[in-house]
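*Asks:* Predicted model follows, preceded by the sequence.
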Amino acid sequence: MATGQLWAGVDVGKEHHWVCVVDDVGTVVLSRRLANDEQPIRALVGEIDSLGDQVAWTVDLTTVYAALLLTVLADAGKSVRYLAGRAVWQASAVYRGGEAKTDAKDARVIADQSRMRGNDLPLLHPDDDLITELRLLTAHRADLVADRTRTINRLRQQLVAVCPALERAAQLSSDRGWVVLLARYQRPKAIRQSGVSRLTRILADAGVRNAAAIAAAAVAAAKTQTVRLPGEEVAAGLIADLAQGVIALDDRIKTTDADIEGRFRRHPLAEVITSLPGIGFRLGAEFLAAVGDPALIGSADQLAAWAGLAPVSRDSGKRTGRLHTPKRYSRRLRRVMYMSALTAIRCDPASRAYYQRKRDQGKRPIPATCLARRRTNVLYALIRDNRTWQPDSPPITQSAA
């Protein structure tokens with residue numbers, strides 16, 4: 001049996017991974033393809049343990065493709081570090097082979113970089129079931145919303161083929177009543193014959209609140225066209241199918257929102273997070289999905305850097321004090337902080353005053369970023385102290401800023 005420290009790098013894949021193990025001088029001890037199944041992973045972990053006294057594991061992905069691998073390693077008591085795929089790609093250029101790319105080479109680069117960088121790489125912490133469920137549900141909801149947007153765009157395209165005036169009048173994205181109407185009536189002739197009164201009654205029975213306004217707008221648009229466009233019959237059938245699809249997606253989104261809220265409310269910090277103006281259960285769930293365990297956040301500055309809200313230095317020679325927007329950050333976390341800031345501007349007088357003050361100072365074009373940065377300090381302090389936000393809360397301590 002070999003002795004000493006070993007470093008294992010894993011190039012994660014969907015069906016197979018590639019594992020490379022190097023010793024303390026960078027010599028390859030093992031390089032092998034690994035099936036993404038529990039028993040082969042456990043067998044290889046045991047084999048690698050027999051090669052050295054200590055083994056440090058590093059992966060390049062933390063997505064669902066690596067879920068089984070990370071779970072087995074955690075079950076075996078192994079700590080795992082993370083090296084971003086972009087860093088692997090940049091480092092691989094200085095290794096033998098240059099621009100050539102193979103799974104074996106990437107795994108070796110991961111292992112060798114782990115050997116040289118050591119504690120510089122972040123340590124992965126297994127998420128509990130609640131965080132994992134929130135991450136899955138919020139991602140699923142984002143997919144449903146994207147599907148709804150695509151379906152509405154296709155619906156608009158087909159509606160132009162039947163009646164362009166009706167397409168211009170329909171507020172499909174913001175008003176569900178139009179979708180309900182198009183699920184039943186698609187042709188201008190049918191809308192004209194039904195009339196405002198009948199359409200209003202049908203929409204009201206379907207639970208549409210502004211039924212009369214929608215019915216009047218639809219009839220007015222239908223009256224501007226008396227000719228029948230080519231392919232109207234087929235287009236009308238497609239419009240009905242697409243409208244039913246949008247209604248079904250709305251129902252699925254509503255069900256998913258209920259699942260997200262139910263699980264989010266079970267988190268011990270749910271009340272603390274949602275106490276900050278501008279953050280509801282959806283953004284709160286996305287925040288937890290993005291950061292994992294909030295207890296691992298070291299400081300407000302770390303949270304801001306994670307969200308891409310802290311500028312980074314760009315000094316060279318005599319040019320000092322130059323800052324620019326970072327390129328590597330969590331887009332998901334930045335969206336949470338930015339969208340919550342925009343919401344707070346509308347519902348919180350203090351946030352609105354701060355936003356207006358930054359605009360008066362010439363902070364353009366997105367002064368809401370300044371507010372989002374400030375709110376990271378507040379949110380971190382609330383999480384650290386486990387207290388809810390109050391308008392008359394004491395000022396944030398220096399350690400939180």
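*Replies:* Yep, it's here. Bear in mind the structure is a predicted one, so any value in this text is a computation, not a measurement.
*Asks:* Low-confidence ranges, the chain, go.
*Replies:* Along the chain, segments meeting pLDDT under 70 span 1-3, 365, 392-401.
*Asks:* Quick check: phi and psi at the residue nearest to the spatial centre of the chain.
*Replies:* When Cα atoms, centre = their mean is applied to the chain, the residue found nearest the centroid is Arg332 (4.1 Å). Backbone geometry at Arg332, expressed as degrees, to the nearest 10, gives phi -70, psi -40.
*Asks:* Test my guess that it contacts Gly292.
*Replies:* No: Arg332 lies out of contact with Gly292 (Cβ atoms under 8 Å); the separation is 11.5 Å. For every residue, glycine as well, the C-beta is placed using N, CA and C.
*Asks:* what about stretch 99-106, distance to the chain center?
*Replies:* Distance of stretch 99-106 from its chain centroid, counting by Cα atoms, centre = their mean, to the nearest Å, is 29 Å.
*Asks:* Residues contacting it, please?
*Replies:* With contacts defined as Cβ atoms under 8 Å, 6 or more residues apart in numbering, stretch 99-106 is touched by Asp11, Gly13, Trp18, Cys20, Ser31, Arg33, Asp60, Val88, Ser92, Ala93, Tyr95, Gly97.
*Asks:* in it, what's buried?
*Replies:* Within stretch 99-106, the residues scored as buried using 16 or more other Cβ atoms under 10 Å are Asp103, Ala104, Lys105, Asp106.
*Asks:* Please tabulate the residues you listed in CSV, including the columns secondary structure and distance to Val336.
*Replies:* Shown next, in CSV, are the buried residues of stretch 99-106 (DSSP: H, G, I helix; E, B strand; the rest coil; distance: Cβ to Cβ, whole Å):
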residue, secondary structure, distance to Val336
Asp103, helix, 34
Ala104, helix, 38
Lys105, helix, 37
Asp106, helix, 32
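*Asks:* and of those, the nearest to Gln186?
*Replies:* Asp103 (51.8 Å; Cβ to Cβ).
*Asks:* the helices in the stretch 51-200 of the chain, which residues?
*Replies:* 67-75, 85-92, 103-117, 129-160, 164-169, 176-184, 188-205 (DSSP state H, counting those that start in this stretch).
*Asks:* which one of these lies closest to Val378?
*Replies:* When the helices of the stretch 51-200 of the chain are compared by Cβ to Cβ, helix 129-160 sits nearest Val378, at 22.0 Å.
*Asks:* What is the closest one packed up against?
*Replies:* helix 164-169, helix 176-184, helix 232-264, helix 281-291 (3 or more Cβ pairs under 8 Å, 6 or more residues apart in numbering; DSSP states H and E).
*Asks:* Return the set of buried residues in the last one.
*Replies:* Of the residues in helix 281-291, those scored as buried under the neighbour-count criterion (16+ other Cβ under 10 Å) are Phe281, Arg282, Leu283, Gly284, Ala285, Glu286, Phe287, Leu288, Ala289, Ala290, Val291.
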